[in-house]
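Novice: fold the following, please.
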Amino acid sequence: MRLLVVTEKCGPELAARDGGARLIASLQRAFGDDLAIAQFGRRADAAARWHHPYPVTGGDRFSRRLANASFVADRVREMAPGFTDVAFVHVSMQFAVGADSLPGVRTWTLPMFLTPSYVASGEVVPAAYTEAEQRVLASTGRIITPSHLERRQMSDEYGVPGERVRVVPRGVESGLFPPLVRSLRGAPLLCSVGSIKRQKNTV
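Specialist: All right, here's what the predicted structure looks like:
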């Protein structure tokens, strides 16, 4: 298996490490040299084999992703023949990649954030962006999300059959929490550690 990962970011500094960057780090550990990263848009990260600056750089991120969709699709079609699988990290990376436009290659959609999550966090999403999400989710056959909420969003808001979506939790980066053995005095106290982000709109 040779995996091409298509993304906008893949190696932000640890303080800004988000779910997408953690996902890519997990894929790199799992696939090693059988994985290559094609990064679009922002400044190049060292982990990317290829970096393609967007030709359209103005406007908000939603409009920018829509305007550059064909550019992303063209570059992916050029690179895909060297791989057995292509994983799109964020649904917008797949906006102009049709269901049959990568013959002989399996595609995987890792949607990350969809319109309902953006709207819940107070962002204004163009209707054309949501329609593009709908087209991708209607045509792709392999969807993986770490979130049961996002799985419900895809079913309720986009009509995606539940059996087409697999929920695979991301887990935690073990390197950030070195093991520590302690002897307990009295009853144990339990603590849950997580991130709180306005974008997720949950605590």
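Novice: can you give me how far stretch 118-125 is from the chain middle?
Specialist: 18 Å (CA atoms, centre = their mean, to the nearest Å).
Novice: in it, what counts as buried?
Specialist: Applying a neighbour-count criterion of 16 or more other CB atoms under 10 Å, one finds 118, 125 buried in stretch 118-125. Where you see a C-beta, it was placed from the backbone N, CA and C, and this is true even at glycine.
Novice: end-to-end on it?
Specialist: 7 Å (CA to CA, to the nearest Å).
Novice: now stretch 164-179
Specialist: 37 Å.
Novice: same question for stretch 79-93.
Specialist: 14 Å.
Novice: show residues contacting that stretch.
Specialist: 1-8, 20, 23-24, 27, 36, 38, 40, 50, 65-66, 69, 72, 76, 94, 97, 102, 104-114, 129, 132-133, 136-137 (CB atoms under 8 Å, 6 or more residues apart in numbering).
Novice: ok now it, how far from the chain's centre?
Specialist: With CA atoms, centre = their mean, you get 11 Å for stretch 79-93.
Novice: any stretches of this protein with poor pLDDT?
Specialist: For the chain, the stretches flagged by pLDDT under 70 are 11-19, 99, 171-177, 195-203.
Novice: swap in 80 and give it another go.
Specialist: Within the chain, the segments meeting pLDDT under 80 span 9-22, 42-44, 46, 98-101, 141, 169-184, 188-203.
Novice: now do the phi/psi pair for the residue minimising distance to the centre of it.
Specialist: The chain has residue 89 as the residue nearest its centroid, 3.0 Å off, counting by CA atoms, centre = their mean. As for residue 89, its main-chain torsions (degrees, to the nearest 10) stand at phi -90, psi 100.
Novice: now it: how far from residue 179?
Specialist: 30 Å (CB to CB, to the nearest Å).
Novice: measure the residue nearest to the centre of the chain to residue 185 for me?
Specialist: 45 Å.
Novice: same question for residue 116.
Specialist: 47 Å.
Novice: so between the two, which is more surrounded?
Specialist: residue 116 (20 against 6; other CB atoms under 10 Å).
Novice: quick check: chain neighbours aside, which residue is closest to that one?
Specialist: The spatially closest residue to residue 116, leaving aside those adjacent along the chain, is residue 153, at 4.8 Å (CB to CB, 6 or more residues apart in numbering).
Novice: what segments of this protein are helices?
Specialist: 19-31, 61-67, 69-79, 115-120, 127-139, 148-158 (DSSP state H).
Novice: nearest to residue 167, out of the ones you listed?
Specialist: In terms of CB to CB, the element of the helices of the chain nearest to residue 167 is helix 148-158, at 5.4 Å.
Novice: for that closest one, packing partners?
Specialist: Judged by 3 or more CB pairs under 8 Å, 6 or more residues apart in numbering; DSSP states H and E, the packing partners of helix 148-158 are helix 115-120, helix 127-139, strand 143-145, strand 165-167.
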